[in-house]
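Trainee: Using only what follows, build the 3D model:
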Amino acid sequence: MAEQKIAAAQALSANPKSKASERLNGLVTHFCHRPADDPQVAALRYQLLTAWAGTLVSAAGTEHAVLAAHEFRTDERPKDKSSVNADELNRFASAVLGCELPDADGIPWCVRVPDAEGVDAALYVAHVATDLRSLALTAA
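Mentor: Prediction:
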């Protein structure tokens, strides 16, 4: 979020009509269980917060809704970032969902998370990795 906050300030500087800061503050105020100046909120990935907002909007009229973080490992990007992504998901879960998630050692996983205000659907978060590296594909 810290990077997004800087980008929003730059957008406002370039265009006094920019609403980027307002959108960011609105997302934090609406979804985070912690204040905007909390270090855990500052460390959040903006994409996870906007994806959660989209998941909740899409949940209208459904029984279940899932926010899935799906990693793809390819020959062009062979490094396993599961632990980094798990850390980011855990910060998100703590600051936004108010719960703990499984660690990266156990992926794939999908877990039920606490209900969100105004959403009738059962809510889930998932973490999945698909290994498309040629070495992994030939071994399979």
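Trainee: ok, R34 to A20 distance?
Mentor: According to Cβ to Cβ, to the nearest Å, R34 stands 21 Å off from A20. For glycine as for every other residue, the C-beta is placed from the backbone atoms N, C-alpha and C.
Trainee: now swap in S13 and tell me
Mentor: Counting by Cβ to Cβ, the gap from S13 to A20 is 11 Å.
Trainee: next one: T50
Mentor: Going from T50 to A20 by Cβ to Cβ gives 12 Å.
Trainee: could you pull out the strands for the chain?
Mentor: Along the chain, the stretches classed as strands by DSSP state E are 64-73, 109-112, 122-131.
Trainee: Strand partners (parallel or antiparallel) of the shortest one?
Mentor: Using DSSP bridges, the strands paired with strand 109-112 in its sheet are strand 122-131 (antiparallel).
Trainee: Now do the partner strand against strand 64-73: the angle between them, please.
Mentor: 20 degrees (axes from the mean of the first three to the mean of the last three Cα atoms, to 10 degrees).
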